[in-house]
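# Okay, here's the prediction I keep looking at, along with the sequence it came from:
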Amino acid sequence: MRELALVTHSTSPRGGMVHTLALAEALQAAGQPVHVVSQGDPAAGLFRPTSVPFTVLPAPPGGGSLSDKVFASIDQLAGALGDLAHRFDVLHTQDCIAARAAARVRDGGADVAVVRTVHHVDDFTTPALVECQRAAIREPDRVLVVSEQWRRILRDEYGREATVVPNGVDPDRFPPVTPARVAELRASIGAQDRFLFLGVGGVEPRKGTHVAFEALARLTATMPHPPMLAIVGGHSFRDYAAYRDEHLARLPELGLELGRDVVLLGTVSEADLGGWYRSADALCFPSLKEGWGLAVLEAMAADLPVVAGDLPVFREYLLHRHNALMPPTGDSAALARAMQEMYADRALRRRLRTGGRETLARYTWAASARRHIAVYDDVRADTRHPTA
């Protein structure tokens with residue numbers, strides 16, 4: 001049996017890459033020959049150490065429009081992947097760019113099958129990118145999704161049947177940290193005596209960051225000792241500078257101060273990410289769109305109680321007041337009420353932590369790996385690779 005390749009377009013520690021690396025390690029533990037292929041800086045490698053063999057291919061130079069960057073990445077990844085394809089029988093791609101590149105390699109004559117996991121669908125407006133994204137769903141031999149919600153979306157909006165293979169979580173990824181480390185991190189942002197909400201994913205439209213800002217402003221205007229919000233992450237292939245600048249500029253009119261009430265931590269190391277999960281008081285995750293919301297399970301694994309928007313995908317594994325508070329999505333007043341209740345009710349936080357631990361047991365990477373292997377075996381048994 002040739003190796004399986006898990007292919008991504010970026011080494012940045014966002015959800016897709018975190019998923020890819022954790023899945024690769026679980027597949028390796030299950031005896032599956034696996035290799036991770038990604039684009040980035042070959043000298044820097046991946047965002048954390050791993051026992052899985054990997055290859056980081058050079059990313060194309062930056063610059064140009066988003067369309068320019070997407071198509072340059074597809075071209076470069078397809079060329080480099082073509083040179084490696086003889087080693088693999090399945091190319092399991094994790095994003096639009098990787099899927100288009102892998103399909104091009106297959107259609108160029110390589111004896112490989114292409115599997116694609118659709119974590120979510122981006123809201124592109126440029127016609128070329130809209131069509132590129134549709135092709136990245138249409139061209140693979142098999143399409144996977146991580147939730148029933150996205151299976152329905154692909155069926156109804158793209159005419160593509162998909163197989164649901166849920167995400168997993170590594171409960172040991174973020175081990176407990178010392179009280180001294182907690183105190184150090186909180187002091188670094190002035191949160192020694194303030195309730196600290198953690199946001200994950202940067203300041204982005206899809207993450208509903210403006211809703212979090214508006215909710216925090218309501219609390220700041222009415223509470224004598226209001227909470228604060230620290231946001232980690234933000235490294236993205238897409239440029240959200242306009243959204244970020246617009247909503248950061250609104251902070252003063254909302255009565256919030258950047259650096260005091262809202263702190264942007266940026267992309268942090270794996271160790272520091274675990275430290276922040278373990279040092280905050282609750283997760284604030286008011287996303288407007290998610291494929292799954294891996295940060296929610298990561299928070300639960302770090303014993304961090306969760307406030308998350310009432311998205312259909314979250315309802316597949318979250319239950320309001322059992323393992324999360326779930327105010328209506330996009331409603332800043334409702335989010336503020338949930339944040340205030342989380343702040344004020346210590347017993348509620350304990351109950352949500354308990355519910356979170358129960359939830360984790362249903363989402364192991366070992367179980368996810370077994371379901372993936374069944375898909376790979378099925379794909380390998382089917383030698384009919386349709387031409388796109």
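Done, it's in.
# Please make it C-alpha for all contacts and neighbour counts, starting now.
Will do.
# now the strands for this structure?
Assigned by DSSP state E, the strands in the chain fall at 3-7, 34-40, 54-58, 88-93, 113-118, 142-145, 163-164, 196-200, 228-232, 262-266, 282-285, 306-308.
# which one of these lies closest to Ala103?
strand 113-118 (6.5 Å; Cα to Cα).
# That closest one pairs with which strands, and in what direction?
Looking at strand 113-118 with DSSP bridges, its partner strands are strand 88-93 (parallel), strand 142-145 (parallel).
# Please work out how many residues are found near Tyr31.
Quick fix: residue 31 reads Gly, not Tyr. The local packing of Gly31 (other Cα atoms under 10 Å) involves 10 other residues.
# same thing with Leu57?
Quick note: Leu57 (other Cα under 10 Å) scores 21 neighbours.
# What pLDDT does the model give the residue lying closest to it once chain neighbours are set aside?
Take Leu57 and drop its neighbours on the chain: the residue closest to it by Cα to Cα, 6 or more residues apart in numbering is Gln39, 4.7 Å away. You'll see Gln39 listed with a pLDDT of 94.
# what do you get for Val164?
With respect to pLDDT, Val164 has a value of 96.
# Report the separation between the nearest residue to it once chain neighbours are set aside and Arg186.
Leaving aside its chain neighbours, Val164 sits nearest to Val145 (5.0 Å; criterion: Cα to Cα, 6+ apart). Here the criterion is Cα to Cα, to the nearest Å. By it, Val145 lies 37 Å from Arg186.
# Quick check: closest non-adjacent residue to Val296.
Val306 (6.9 Å).
# Tell me who's in contact with that neighbour.
By Cα atoms under 8 Å, 6 or more residues apart in numbering, the contact list for Val306 reads Ala282, Leu283, Cys284, Phe285, Val296, Ala299, Met300, Asn323, Ala324, Leu325, Leu352.
# burial count for the third one?
Burial of Cys284 is recorded as 26 neighbouring residues (other Cα under 10 Å).
# re the thing from before, Val145 and Arg186: who's more crowded?
Legend: neighbour count by other Cα under 10 Å for Val145 and Arg186, higher for Val145 (24 against 20).
# How confident is the prediction for the more buried one, by pLDDT?
pLDDT, read off for Val145, is 96.
# give me every residue that touches it.
Thr117, Val118, His119, Arg151, Ala162, Thr163, Val164, Val165, Pro166.
# From the centre of the chain, point out the most distant residue.
Here the centre of the chain is the reference, and by Cα atoms, centre = their mean the most remote residue is Pro224, at 34.9 Å.
# Report the spatially closest residue to Gly40, excluding sequence-adjacent ones.
Ala59 (4.8 Å).
# wait, what's in contact with the one you found?
Listed by Cα under 8 Å, 6+ apart, the contact set of Ala59 reads Gln39, Gly40, Asp41, Ser73, Gln76, Leu77.
# Same question for Ala334.
By Cα under 8 Å, 6+ apart, the contact set of Ala334 is Ala215, Pro327, Pro328.
# how close does the nearest residue to Ala324 once chain neighbours are set aside sit to Ser38?
In space, and not counting its chain neighbours, Ala324 is closest to Val306: 4.9 Å by Cα to Cα, 6+ apart. Using Cα to Cα, Val306 is found at 32 Å from Ser38.
# which residues does the closest residue to Leu264 other than its chain neighbours contact?
Spatial nearest neighbour of Leu264, chain neighbours left out: Ile231 (5.0 Å); criterion: Cα to Cα, 6+ apart. Listed by Cα under 8 Å, 6+ apart, the contact set of Ile231 reads Leu198, Gly199, Val200, Gly201, Gly202, Val203, Val262, Val263, Leu264, Leu265, Gly266.
# Return stretch 178-185 as CSV; C-alpha atoms alone will do.
This file holds the C-alpha atoms of stretch 178-185, laid out as CSV (Å, rounded to 0.1, in the frame of the first residue of the first chain):
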residue,chain,number,x,y,z
THR,A,178,0.8,26.4,37.1
PRO,A,179,-0.9,29.1,39.1
ALA,A,180,2.2,31.2,38.5
ARG,A,181,1.8,30.9,34.7
VAL,A,182,-1.8,31.8,35.0
ALA,A,183,-0.9,34.9,37.1
GLU,A,184,1.8,35.8,34.6
LEU,A,185,-0.4,35.7,31.5
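# list the buried ones in that stretch?
Arg181, Val182, Glu184, Leu185 (16 or more other Cα atoms under 10 Å).
# What of stretch 307-325?
For stretch 307-325, the buried set under the neighbour-count rule, 16+ other Cα under 10 Å, comprises 307-314, 317-319, 322-325.
# Likewise for stretch 123-130?
Of all the residues in stretch 123-130, those buried under the rule 16+ other Cα under 10 Å are Leu129.
# quick one: terminal-to-terminal distance for it?
Terminal residues of stretch 123-130 lie 8 Å apart, using Cα to Cα.
# Can you pull out the residues in contact with that stretch?
Residues outside stretch 123-130 that contact it (Cα under 8 Å, 6+ apart) are Ser67.
# shaky segments in the stretch 151-300 of the chain?
By pLDDT under 70, the low-scoring segments of the stretch 151-300 of the chain are 235-239.
# Now do the helices in the stretch 1-150 of the chain.
15-29, 66-84, 96-107, 127-138, 148-158 (DSSP state H, counting those that start in this stretch).
# From the chain's centroid, how far away is stretch 196-211?
13 Å (Cα atoms, centre = their mean, to the nearest Å).
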